[in-house]
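# only geometry, no sequence info:
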């Protein structure tokens, strides 16, 4: 996967070394710290993966998000995972 191309695709700022330095996570987009995950067939999300995303975001006083890229070649499905309470808040603010 090219975290660089996925970051560019959504207009995110990529973190050097995929968050192994001071800035955690793979990129920053809006108020989100984003971790990109890519799997050709699909993946299983568990509490440990989400806990790491939350911890990384907390260090930047931001909201956690996972961006899943499933498939390969020209057939990719991209999903964003955020907390339900945040989605509800975003929808409420649109009213």
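Cool, the structure landed. Since the model is a prediction, treat every value here as computed from it, not as a measurement.
# Neighbours of residue 61, how many?
Neighbouring residues of residue 61 were enumerated by other Cβ atoms under 10 Å; the total is 8. Using the backbone N, CA and C atoms, a C-beta is placed for each residue, glycine as well.
# Next: residue 68.
Around residue 68 sit 17 other residues, with neighbours defined as other Cβ under 10 Å.
# now swap in the one 4 residues further on and tell me
Here the number of neighbours of residue 72 (other Cβ under 10 Å) works out to 12.
# Do I have it right that it meets residue 40?
Yes - applying Cβ atoms under 8 Å as the test, residue 72 and residue 40 come out as touching, 4.8 Å apart.
# per-residue confidence averaged over the lengthiest strand in the chain?
Determined from DSSP state E, the single longest strand within the chain is strand 63-72. For strand 63-72, the mean per-residue pLDDT is 92.
# I'd like the numbering to begin with 40 instead of 1 from here.
Let's use 40 as the start, then, which means that last one is strand 102-111.
# which other helices and strands contact that strand?
helix 42-49, strand 71-78, helix 86-98, strand 114-120 (3 or more Cβ pairs under 8 Å, 6 or more residues apart in numbering; DSSP states H and E).
# Now mean pLDDT and mean neighbour count too, for the ones you listed, in TSV please.
Compiled in TSV, the helices and strands packed on strand 102-111 are given as follows (pLDDT from 0 to 100; neighbours: other Cβ atoms under 10 Å):
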stretch	mean pLDDT	mean neighbour count
helix 42-49	88	15
strand 71-78	90	22
helix 86-98	94	15
strand 114-120	91	12
